[in-house]
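Student: I would like to see how this sequence folds:
(one chain, ligands or ions: 2)
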Amino acid sequence: MKYLPFGKTGVSVSELGFGAIPVIRLTFDEAERVLRTAFDRGITLFDTANLYHDSEEKIGRALSPVRDKIFLATKSMKRDGKSVAEHIDLSLKRLKTDYVDLFQFHQVAQEKDREVIYAPGGAMEAALAAQRAGKVRFIGVSSHSIPMAMKLIRTGDFVSIQFPFNFIETEAADALHPLARELGVAILAMKPFAGGAITDAALAFKYLRSHADLFPIPGYDSAESVEQVVSFYDAPNNASGKDFEEMARIKSELGGEFCRRCEYCQPCPFGVAITGGMIYPLLASRMSPKVASGFAAANLDTVPNCTECGVCVTRCPYTLPIPAMLKKHYELYLEHRNSKE
Ligand code: SF4
Ligand code: SF4
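Tutor: Ligands and ions are numbered 1, 2, ... in the order given. Modelled structure (predicted):
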């Protein structure tokens, strides 16, 4: 495992990170085994979020004995200062630590979110106060919108940008990554498997490792999956022309009807949580029907509000047939909600 400088922080972390969403579906004992395997195999960068159910507690239980040897990153979706301060304190408690290395504003895609974060009494004030109090070492941001991500890192307020990147979602390589490199902002590559759309792990990492200064944060649901991904990093990257042809083939096959979670379609005037509804089949492919439907209920229960007005379709850069897809996904959700497992 190599350890690379994390932007301009002066801290080096493992080039391969750990994304904590899949530990949600593990028991505490299973999660401990997976997290400790990752640490034992050299991973020091662990990324979670207030939103990721009990993943912070699981990380706290598994890794608090090695706290000083790891780089802990978490996030909050809250935009107001009071709620962010509460979330930071809650994260510290759950993670069994008195500081996080990286606190990120979670999924900032809309201008209105950015405005609230920066408003007096907003989330930025709270994050800076937490930093002064020693609860947060560095501040970063995650986004699914390239224009917003670029706008945010240009402020100089963030040490890192977390953005989807994989051989299907390659857009960040065009302008966002070059800008981040120029500014010395660390790049966290989320969704290395495109949220489950990429099933060939070896191919996924051949692509990511062709971009050497990224920190991919794949999720792992078993010690074996950790071993598999770490083994890619133990060997030289042997990506060939044939591999890139295969990536292009898969990308073009998925092509049209594939939500990139960029959120340009939001907000829905009728309160539909469009992105949550659009990605439901991918989410459901990664957990049992019962768990998936429970996890996604808050989003999916808004889908019947859709009047098929079509506003979101005009905003989607991929011109996805959103109302029809939402309808189909809602039927799947109902099926899962009634399932026994
Ligand atoms: S088509 Fe449905 S989801 Fe899209 S903006 Fe209109 S009501 Fe909202
Ligand atoms: S439906 Fe389109 S605009 Fe909305 S998140 Fe998905 S890809 Fe982006």
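Student: Which pLDDT value goes with the nearest residue to Ala180 once chain neighbours are set aside?
Tutor: Once flanking residues are discounted, Ala180 sits nearest to Ile187: 5.1 Å by Cβ to Cβ, 6 or more residues apart in numbering. In short, each C-beta sits where N, CA and C put it, glycine included. Confidence at Ile187, expressed as pLDDT, is 98.
Student: Could you pull up the contacting residues of Ile187?
Tutor: The contact partners of Ile187, taken as Cβ atoms under 8 Å, 6 or more residues apart in numbering, are 160-161, 163, 165, 172, 177, 180-181, 213-215.
Student: Restrict those to those that also contact ligand 1, please.
Tutor: When Cβ under 6 Å from any ligand atom is applied, no member of these is adjacent to ligand 1.
Student: Please list only the buried members of those.
Tutor: Buried residues within these, counting neighbours by 16 or more other Cβ atoms under 10 Å: 160-161, 163, 165, 172, 177, 180, 214-215.
Student: so which residue of the stretch 51-200 of the chain comes closest to ligand 1?
Tutor: Gln110 (14.3 Å; Cβ to the nearest ligand atom).
Student: TSV for the buried ones among the contacts of Ile187, including secondary structure, pLDDT and distance to ligand 2?
Tutor: Shown next, in TSV, are the buried ones among the contacts of Ile187 (DSSP: H, G, I helix; E, B strand; the rest coil; pLDDT from 0 to 100; distance: Cβ to the nearest ligand atom, whole Å):
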residue	secondary structure	pLDDT	distance to ligand 2
Ser160	strand	98	22
Ile161	strand	98	18
Phe163	strand	95	14
Phe165	coil	94	15
Ala172	helix	94	14
His177	helix	97	19
Ala180	helix	98	21
Leu214	strand	94	22
Phe215	strand	97	24
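Student: what does this structure have sitting close to ligand 1?
Tutor: 268-270, 272, 274, 306-312, 322-323.
Student: got a markdown table for these, with distance to Lys75 too?
Tutor: Output for the residues of the chain next to ligand 1, formatted as a markdown table (distance: Cβ to Cβ, whole Å):
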| residue | distance to Lys75 |
| --- | --- |
| Cys268 | 23 |
| Pro269 | 28 |
| Phe270 | 28 |
| Val272 | 24 |
| Ile274 | 21 |
| Cys306 | 28 |
| Thr307 | 32 |
| Glu308 | 33 |
| Cys309 | 32 |
| Gly310 | 32 |
| Val311 | 29 |
| Cys312 | 25 |
| Ile322 | 26 |
| Pro323 | 30 |
